[in-house]
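Chemist: based on what follows, work out the 3D shape:
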Amino acid sequence: MAEKKQSSEPVAGLFTDDSGHPRCFWCEASPLYKHYHDHEWGFPVDDERRLFEKLCLEGFQAGLSWITILNKREAFRAGFAHFEAEELSRFGEKDIARLLADAGIVRHRGKIESTINNAKRVLELRREFGSLGAYVWGYEPHAGQDRPKKLTYEAARAITATAASQALSKDLKKRGWSFVGPTTMYAFMQAMGLVNDHIEGCHVRQAATDARSRFKVPQRS
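Modeler: The predicted model follows:
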């Protein structure tokens, strides 16, 4: 009996580079983008500075491509006190003027002022919940909630916001945060591992799933 040949047809939403590893379609543009996809996106985070950075950068990304923000991330870190909320919360008009003159970042006054405002709101959340991580992980969707059983390319493209991201957005806005709409919050949830949106067949999907299984969710105080 002749051996059955395996299909070599590409899977929708994935690409394979010289390494032979299939990856999600959106990270093909550069090695930096691939590294972010392979080692950060979808992996669980509870570190306070990293969480706040991801929140802020997703706000800056609104209306732009993520690769634009990723290419500017080191400049953002340098300009915004490495997203240490205590220091950033003390920024004033001189700092805003400095940032508006910094060509290395996205020079949008509203987003700059929002980042400073949100730093102050982080400190309030810490006093109430113990940490930003404890607050955010309280919005992790339950198994099957808001999610298709199999995340195909078509399913991934269709999801821009969910009940969980809407709830997170609504509560943050009530607490005085800005640039935290439901779509932005869903992108944040993807970035910090609250959901795993690596497409079925992506070689990183299982690694992100395994990381979540080992992850200890921070508890609210």
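Chemist: I figured Arg77 hits Glu53, correct?
Modeler: Yes. Between Arg77 and Glu53 there is a contact at 7.3 Å, judged by Cβ atoms under 8 Å. For glycine as for every other residue, the C-beta is placed from the backbone atoms N, C-alpha and C.
Chemist: quick check: neighbours shared by these two?
Modeler: Taking Cβ atoms under 8 Å, 6 or more residues apart in numbering as the criterion, Arg77 and Glu53 both touch Phe83.
Chemist: of the two, who's got more company?
Modeler: When Arg77 and Glu53 are compared for neighbours, Glu53 comes out ahead with 22 against 16, by other Cβ atoms under 10 Å.
Chemist: contacting residues around the more buried one?
Modeler: If you count contacts by Cβ under 8 Å, 6+ apart, Glu53 has them with Phe76, Arg77, His82, Phe83.
Chemist: what helix or strand does it sit in?
Modeler: Assigned by DSSP states H and E, Glu53 belongs to helix 48-61.
Chemist: list the buried ones in that helix?
Modeler: 48, 50-61 (16 or more other Cβ atoms under 10 Å).
Chemist: buried subset of the contacts of Glu53?
Modeler: Phe76, Arg77, Phe83.
Chemist: this protein: helices as residue ranges?
Modeler: Counting by DSSP state H, the chain has helices at residues 31-39, 48-61, 66-71, 73-79, 85-88, 93-100, 109-129, 132-137, 153-158, 163-174, 182-191, 205-214.
Chemist: then the fourth one to CSV, C-alphas only?
Modeler: As requested, the backbone C-alpha atoms of helix 73-79 are provided in CSV (Å, rounded to 0.1, in the frame of the first residue of the first chain):
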residue,chain,number,x,y,z
ARG,A,73,9.4,50.5,23.6
GLU,A,74,12.9,51.3,24.9
ALA,A,75,12.3,55.0,24.3
PHE,A,76,9.0,54.8,26.1
ARG,A,77,10.7,53.1,29.1
ALA,A,78,13.4,55.8,29.3
GLY,A,79,10.9,58.6,29.0
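Chemist: quick one: list the elements packing against that helix.
Modeler: helix 48-61 (3 or more Cβ pairs under 8 Å, 6 or more residues apart in numbering; DSSP states H and E).
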